[in-house]
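K.L.:
need a structure here:
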Amino acid sequence: MSQDSQKKAAAEAAIRYVEDGMIVGVGTGSTVAHFIEALGPLRDRIEGAVSSSVQSTEHLHRLQIPVLDLNACGTLALYVDGADECDPAKRLIKGGGAALTREKIVAEAARRFVCIIDQSKQVDLLGHHPVPIEVIPMARSLVAREIVRLGGQPVWRDGVVTDNGNWILDIHGWRIADPKALEQQINQIPGVVAVGLFARRPADVVIVGGREVQILS
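P.N.:
Residues are numbered from 1 along each chain as shown. As a prediction, the model looks like this:
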C-alpha cells in the first residue's frame with residue numbers, strides 16, 4: 001500500500017469515531033485532508049467542526065461543514081489529527097505544517113485524540129524528525145541559543161509565518177528519551193509559544209494505515 005493510500009485508509013478508519021450531533025476537532029496536513037473529505041458526507045449529521053488552521057478551515061468551508069469557535073464550544077468529544085512522528089507510548093512530534101499551537105489547543109480541549117498516520121511515522125524514539133517550536137519573532141535568537149544549550153541544532157524555517165503571526169524554529173539532532181520532560185523544559189523559555197512535542201497530552205488512539213494499534217513497534 002502506498003503512503004498516500006495508507007493516509008487515506010487511516011483517515012477513513014477514524015470516521016467511525018464520529019457520532020451524530022458531535023462537534024469534531026480537526027487538525028492540519030495531508031492525512032487530515034483525507035479525513036475532512038470523508039467527513040463531508042456527514043456534514044448534516046454533525047453540529048460542526050473546530051479547525052486548527054486556516055488551511056483546514058478553508059477545506060471545511062468548501063465542503064459546507066460549519067466551522068465553530070472553540071471558545072463557544074467548551075470541551076470537544078473528539079479531535080482527529082496526523083503527526084510527523086509517533087512513539088510506542090503514542091507521544092508525538094507535530095508541527096511540520098506550522099499549525100502546532102492551535103493543534104495543541106484543540107487537542108487539549110478534546111476528551112479523545114485520534115492520531116492518523118502512515119507506517120513511516122512510527123518510531124522507537126522521537127527525534128528523527130525535527131522538533132518544531134513556534135516562537136515570538138523578537139525572541140527567535142534568544143530561544144535558539146537556549147536550544148543549543150539543550151543540545152539541539154535550531155534552524156529557522158525562513159519565510160514561514162504561522163497563522164498566529166509567529167516564526168518556526170526546527171530543532172535537529174535530538175533523540176528524545178523523555179519527551180514530557182523536554183516539552184516542559186522548552187515551554188519555560190521566554191518567547192516560546194508552543195513546542196511540537198505532544199507528550200503531556202499524547203494521542204489516545206493511533207490508527208496506522210487503517211489499523212488501530214495499541215502498542216507501536
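K.L.:
And the helices in this structure, which stretches?
P.N.:
3-14, 30-39, 54-62, 100-109, 140-149, 179-187 (DSSP state H).
K.L.:
which one of those lies closest to Gly173?
P.N.:
Closest approach to Gly173 among the helices of the chain (C-beta to C-beta): helix 140-149, 9.8 Å. To be clear about C-beta, it is placed using only N, CA and C from the backbone, and glycine gets the same treatment.
K.L.:
what angle sits between that closest one and helix 179-187?
P.N.:
Calculated by axes from the mean of the first three to the mean of the last three C-alpha atoms, to 10 degrees, helix 140-149 forms an angle of 140 degrees with helix 179-187.
K.L.:
Could I get the buried residue list for helix 140-149?
P.N.:
Of all the residues in helix 140-149, those buried under the rule 16 or more other C-beta atoms under 10 Å are Arg140, Val143, Ala144, Glu146, Ile147.
K.L.:
ok, the third one touching Pro154?
P.N.:
The reference is to Ala144. Yes. Ala144 is within contact range of Pro154, at 4.2 Å (criterion: C-beta atoms under 8 Å).
K.L.:
chain center to the top strand by length along the chain: distance?
P.N.:
Secondary structure of the chain per DSSP state E: the longest strand is strand 110-117. Its chain's C-alpha centre and that of strand 110-117 lie 9 Å apart, by C-alpha atoms, centre = their mean, to the nearest Å.
K.L.:
That one pairs with which strands, parallel or anti?
P.N.:
strand 76-81 (parallel), strand 205-208 (parallel) (DSSP bridges).
K.L.:
That strand to helix 3-14, inter-axis angle?
P.N.:
Using the same axes, to 10 degrees: strand 110-117 against helix 3-14 is 150 degrees.
K.L.:
quick one: contacts of strand 110-117?
P.N.:
Under the criterion C-beta atoms under 8 Å, 6 or more residues apart in numbering, residues 7, 10-11, 13-14, 17, 25, 31-32, 35, 75-83, 86, 90, 92, 107, 201-209 lie in contact with strand 110-117.
K.L.:
ditto for stretch 6-18
P.N.:
1, 24, 30-32, 34-35, 37-39, 42, 46, 78, 80, 82, 112, 114, 116-119, 205, 207-212.
K.L.:
buried stuff in that stretch?
P.N.:
Neighbour-count burial for stretch 6-18, counted by 16+ other C-beta under 10 Å, picks out Gln6, Lys7, Lys8, Ala9, Ala10, Ala11, Glu12, Ala13, Ala14, Tyr17, Val18.
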